[in-house]
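Pasting the sequence and the predicted model now:
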Amino acid sequence: MEILKLNLLFLIFQGNRRESLLREILGKRIISFDFRNDNEIFYGSLEYFFGKTRLSSFKEWDLDFQPTVDDIIVVNIPWDYILNLKIPLPTVKNKKEIDKLLLLEITQNLGIQPEQIYYDYLITSNNIANVFVVKKEELQNYFQNLYAKKIPEPDILYPDFFKESILLSRFTGYSMQLFINKKYSGMLVFNDSDLIEVRYSDLSLKNFDEVLLDEFGYSVYELEYIDDETLIKDVKAFLMNFFSDFLSLIEREVFITINSMEEKIGLENIQTIQIVTDSNIINELLKEHYDDSTLLLNRFFFQDFIPLVKHYRFLGVLGLLKRGGISVGKIKLI
């Protein structure tokens, strides 16, 4: 029975270049790929040389770019491929017993055989196993999609939402991180630095993207590349017609998440709420108008990454590079 156990959500794929992670790093390059869909693939690289690091510019995937066999390849795994289960644990502290129990629960809940999956888990403070499962067949299909785009076999796979979260500051007490992109969103809940909840949502920037395309002829992302202050001012003014509704949807996600958690807490327990989208313009509006929401008032915290990434669409690429640096143990990115 072949089960690839993940290591704290770090899906380290046992590929042909796995041994490269064990070598002493002297003049090493990490390349990360953030795969959104067949038409949106972003990448960046980080070079480590004599104890110093250098970030390259972040770009959309260019087939002319050729990684080498010595590069460490880090790729995201979209949340679509991940199944998340919450399994209460008995008072068992032996790791082998926990693994055995969880594997039984996973296979029974999903109706699949152990050899069909990869999985990992985190145990929360109230003894709930937050389990993450990837079906082998779907993962292999994902790999085939990567290969078709000439992206090499990855050394490390890292989930969406976590790839951005790895960059954010941690706070004491209960805190929330909400990541919103064009396709979907994800909420992570922490107690201090311990992850206690993960929730996927259909909340996205799709509507913003569509109304801007109809009104101005540009998507919310294309506008970031246009050097026209008057146009951007008009766009922001136009978006304010919908922004209170957007804040209400965010509030709804907060309440749904709290009410669906195994660990019962109230809104009054949430001290910090971090929200990051993959649009510069929407992030700017959040920073300027978050206090229109009484829920976000005194809780909202925004971490600025513009000094490192000019466009927030590339934030996942930066997070994946940091994840690669953690694996090799010597690279300090942030």
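Arrived safely.

Need phi/psi at the residue nearest to the spatial centre of the chain.
The centroid of the chain falls nearest to Phe161 when counting by C-alpha atoms, centre = their mean (2.1 Å). Backbone geometry at Phe161, expressed as degrees, to the nearest 10, gives phi 80, psi -50.

show me the residues around it that make contact.
79, 177, 179, 186, 188, 198 (C-beta atoms under 8 Å, 6 or more residues apart in numbering). All C-beta spots, glycine's among them, are computed from the backbone N, C-alpha and C.

If we use 6 Å, what do you get?
By C-beta atoms under 6 Å, 6 or more residues apart in numbering, the contact list for Phe161 reads 179, 186.

Quick check: it vs Tyr200, distance?
Going from Phe161 to Tyr200 by C-beta to C-beta, to the nearest Å gives 8 Å.

shared neighbours, the two?
Gly186.

can you give me the helices for the stretch 201-334 of the chain?
Shown for the stretch 201-334 of the chain, the helices assigned by DSSP state H, counting those that start in this stretch span residues 206-216, 229-260, 280-289, 315-328.

Remind me what the second one packs against, helices and strands.
Helix 229-260 sits against no helix or strand, with contacts defined as 3 or more C-beta pairs under 6 Å, 6 or more residues apart in numbering; DSSP states H and E.

which parts of it are buried?
Along helix 229-260, these residues count as buried under the neighbour rule (16 or more other C-beta atoms under 10 Å): 232, 235-236, 239, 243, 246-247, 249-251, 253-254, 257-258.

give me the low-pLDDT residue ranges for the stretch 201-334 of the chain?
In the prediction, the stretch 201-334 of the chain carries residues with pLDDT under 70 at positions 327-334.

which residue ranges form the strands in the stretch 101-250 of the chain?
Ranges of strands in the stretch 101-250 of the chain, per DSSP state E, counting those that start in this stretch, are 117-123, 128-135, 156-159, 174-180, 185-191, 194-201.

Contacts for the fifth one, please.
Counting by C-beta under 6 Å, 6+ apart, the neighbours of strand 185-191 from elsewhere in the structure are 161, 165, 174-179, 196-201, 203, 257.

try 8 Å
Here strand 185-191 makes contact (C-beta under 8 Å, 6+ apart) with 79, 124-125, 160-162, 165, 170-171, 173-179, 195-204, 253-254, 257, 261, 263.

Got a quick PyMOL command for the buried subset of these?
Of the contacts of strand 185-191, the buried ones go into a single PyMOL selection, burial set by 16+ other C-beta under 10 Å:
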select buried, resi 79+124+160+161+162+165+171+174+175+176+177+178+179+195+196+197+198+199+201+203+204+253+254+257+261
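
thinking again about what came up before, mind giving me CSV with the strands of the stretch 101-250 of the chain and columns for distance to Ser32?
Listed next are these as CSV, based on distance: least, C-beta to C-beta, whole Å:
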stretch, distance to Ser32
strand 117-123, 20
strand 128-135, 19
strand 156-159, 9
strand 174-180, 17
strand 185-191, 19
strand 194-201, 21
